[in-house]
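Chemist: build me a model:
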Amino acid sequence: MKIAFWSNENEKSCAYLNFVAVSIASVMSYSYKITVMENYFGRENLGRAFFVNYDSIHPRYIGTGFYEGRGIEGLIRRIYRGDNYPSLLREYQKEVIPRHLYYIPQGGVINSELFDFELFNNLKGLLNLINRNTDHIFINTTHKNHLSSNAILQEADLIVVNLYQNLAYLEDFFKNYHSLIHKSLFILGNYSSRSIMSCKRISRLYDIPLENISAIPYNENFLMACNNGSAKEFLNNNYFCSRENPNFLFVHGVRHFVHMISRRLEKSFLISAKEMEPCVF
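Modeler: As a prediction, the model looks like this:
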């Protein structure tokens, strides 16, 4: 299934951190095989959160063609040329958690505008290829008005919308992006229990079922782990931490939202989500 993560206020909602945490936690709690990607170039690069030595595995320009990199740009070009054999994906993805979580890294050989245009034109072929090799596709989708962002939101079976606790922002979202609501779950990111805009209040104000909203507070330790390429180690070490642990509220919020996604998938698409022992890596 195709799951797009999106926010029209990425930084304040901690959308990037939420995506990294939920993607890792999803394969720690359930026997999914997930491929993750992003549709933008920028400093909030998933590879830097997943790999300590990201610079050494980061694809570099090779070849003499327009671009022949080993990143997602190269994969898109192969799809454009007509390559669609199932094993093609393995040549471009990097294993994050063995047999469960995979990342299609950026190649960094073209500019962001051209990448957006080419991704838009080859999106269905790319998603079909990934679908044949994985249970779910998680796409971290930029809030900017990219061609590919709009197409991804249309193609997605489920949208994870990252909100934050600001009335003006909430009014803007529910007024201007109402069409997304019917197939969305909501993370209230950077959550503060002191704010009057709680999950319950947002549920009442905007007629959103409470079971479709989950709070994930900001966690500086996880931010540092993402900056150091040790996001999966952080979650592995803290996934079953006690209530006394300073990371408990963050990890509990992430685990709860992962359960919400699994429950929605079971309900909407009749997928049997088999719970498994936590992954060890």
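
Chemist: residue 191 touches residue 213, doesn't it?
Modeler: No: counting by Cβ atoms under 8 Å, residue 191 does not reach residue 213; the two are 10.4 Å apart. Glycine gets a C-beta too; all of them are placed from N, C-alpha and C.

Chemist: and for stretch 211-226, what's in contact with it?
Modeler: For stretch 211-226, the external contacting residues (Cβ atoms under 8 Å, 6 or more residues apart in numbering) are 14, 16-18, 20-21, 48-49, 184-192, 198-199, 202-203, 231, 233-234, 246-247, 249-250, 253-254, 256-257, 260.

Chemist: low-confidence regions, the chain specifically.
Modeler: 55-70, 108-109, 268-281 (pLDDT under 70).

Chemist: and the helices in it, which stretches?
Modeler: In the chain, the segments counted as helices under DSSP state H are 10-13, 15-29, 46-50, 54-57, 72-80, 112-131, 147-155, 167-176, 199-206, 220-227, 231-238, 248-269.

Chemist: list the buried residues in the longest one.
Modeler: Within helix 248-269, the residues that qualify as buried by neighbour count (16 or more other Cβ atoms under 10 Å) are 249-255, 257-262, 264-265.

Chemist: what of the second one?
Modeler: Along helix 15-29, the positions that meet the burial threshold by neighbour count (16+ other Cβ under 10 Å) are 15-29.

Chemist: so which of these would you say is closest to residue 161?
Modeler: Of all the buried residues of helix 15-29, residue 15 has the smallest distance to residue 161: 9.2 Å, by Cβ to Cβ.

Chemist: burial count for residue 165?
Modeler: Neighbour count of residue 165, defined by other Cβ atoms under 10 Å: 22.

Chemist: give me the phi and psi for it.
Modeler: phi -80, psi 70 (degrees, to the nearest 10).

Chemist: looks like it contacts residue 194 (just checking).
Modeler: No: Residue 165 is beyond contact range of residue 194, at 9.4 Å (criterion: Cβ under 8 Å).

Chemist: thinking again about what came up before, any chance of JSON lines for the helices of the chain, columns distance to residue 105?
Modeler: Listed next are these as JSON lines, based on distance: least, Cβ to Cβ, whole Å:
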{"stretch": "helix 10-13", "distance to residue 105": "20"}
{"stretch": "helix 15-29", "distance to residue 105": "14"}
{"stretch": "helix 46-50", "distance to residue 105": "5"}
{"stretch": "helix 54-57", "distance to residue 105": "7"}
{"stretch": "helix 72-80", "distance to residue 105": "7"}
{"stretch": "helix 112-131", "distance to residue 105": "13"}
{"stretch": "helix 147-155", "distance to residue 105": "17"}
{"stretch": "helix 167-176", "distance to residue 105": "31"}
{"stretch": "helix 199-206", "distance to residue 105": "35"}
{"stretch": "helix 220-227", "distance to residue 105": "15"}
{"stretch": "helix 231-238", "distance to residue 105": "15"}
{"stretch": "helix 248-269", "distance to residue 105": "23"}
